[in-house]
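Asker: I'll drop the sequence and a predicted model, then ask my questions.
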Number of protein chains: 2
Amino acid sequence: MTSAEDTVLAYWATCEARQWESFGRLLADDVVYHLPQTRERIVGRAAVVRFNRDYPEGWHLAVTRAVGSGRHAATWITCVHDGARLAATSFFDLDEAGLVREITEFWPEPYEPPTGREHLVERY
Amino acid sequence: MTSAEDTVLAYWATCEARQWESFGRLLADDVVYHLPQTRERIVGRAAVVRFNRDYPEGWHLAVTRAVGSGRHAATWITCVHDGARLAATSFFDLDEAGLVREITEFWPEPYEPPTGREHLVERY
């Protein structure tokens, strides 16, 4: 069986290549994709493939970190869209066949830091 | 040697327990803590301990997911502060002694979803 890390690397590689059939073959029938920031949930392989396939074009992504063990994996990707650069962090749970059963994904945005900790911090 | 997953579970357990000496013993001397959203970087064990110790009190955290392999690990924690509930996602790189050498951490905030994908999505 493919390792969890290889599975999530293939997930992002097929996504970036717009190879939607191969992407779909990595997903369980009853996959659930959670976006906690917007409280959105996409249920089932067909909907998850369409959600990604229909996302407004112009984006590219690269995996910055991937780590997997057993049925769990996490990735940090760097996404570029219309000149903007954004990170996304994703947590994956695989089923017993090694297919992606749950994805929980976060898209953190830049913000200004609170004051009072400048003495401990460098800005970049 | 302790596994990467055990190390990051101990990182969060000592943080939640305010056991700052034990927390510090998990860190490399030259640990670097990156906060990409605010472009802040905290360098060195003493500064990373102080940053966490001096953070305005009232917070509690629990680990929602942790995954580790070799010298890499990732966690998704759920943090409660003044009644607000926020997720944080963290990627850890350990040094050859198993100490935390780099942490990159994200604090994603809620936002409203774009329109046009309601047909694929459930809200919760």
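Answerer: On my side now, so go ahead. Numbering: from 1, shown residues only, chains lettered A, B, ... in the order given.

Asker: Point to the residue nearest the middle of chain A.
Answerer: A:S90 (4.3 Å; Cα atoms, centre = their mean).

Asker: close enough to count as contact, that one and A:T75?
Answerer: Yes - judged on Cβ atoms under 8 Å, A:S90 makes contact with A:T75 at a distance of 5.0 Å. Placement of C-beta: from N, CA and C, glycine included.

Asker: hmm, stretch A:63-75 in reach of chain B?
Answerer: Yes - counting by Cβ under 8 Å from any Cβ of the partner chain, chain B is contacted by stretch A:63-75 at A:R65, A:V67, A:G68, A:S69, A:H72, A:A73, A:A74.

Asker: tell me which residues of that stretch are tucked away?
Answerer: Under the neighbour-count criterion of 16 or more other Cβ atoms under 10 Å in any protein chain shown, stretch A:63-75 has A:R65, A:A66, A:V67, A:G68, A:S69, A:H72, A:A73, A:A74, A:T75 buried.

Asker: From these, pick the one nearest A:V49.
Answerer: A:T75 (18.3 Å; Cβ to Cβ).

Asker: residues in contact with that closest one?
Answerer: With contact taken as Cβ atoms under 8 Å, 6 or more residues apart in numbering or on different chains, A:T75 is in contact with A:V8, A:W12, A:V63, A:R65, A:A66, A:V67, A:T89, A:S90, A:F92.

Asker: what touches both of A:S90 and A:T75?
Answerer: The contact sets of A:S90 and A:T75 overlap at A:V8 (Cβ under 8 Å, 6+ apart).

Asker: Get me the contact residues on chain A for chain B.
Answerer: A:5, A:35-43, A:47, A:50-51, A:54, A:65, A:67-69, A:72-74, A:76, A:87, A:89, A:91, A:104, A:106-113, A:117, A:120-124.
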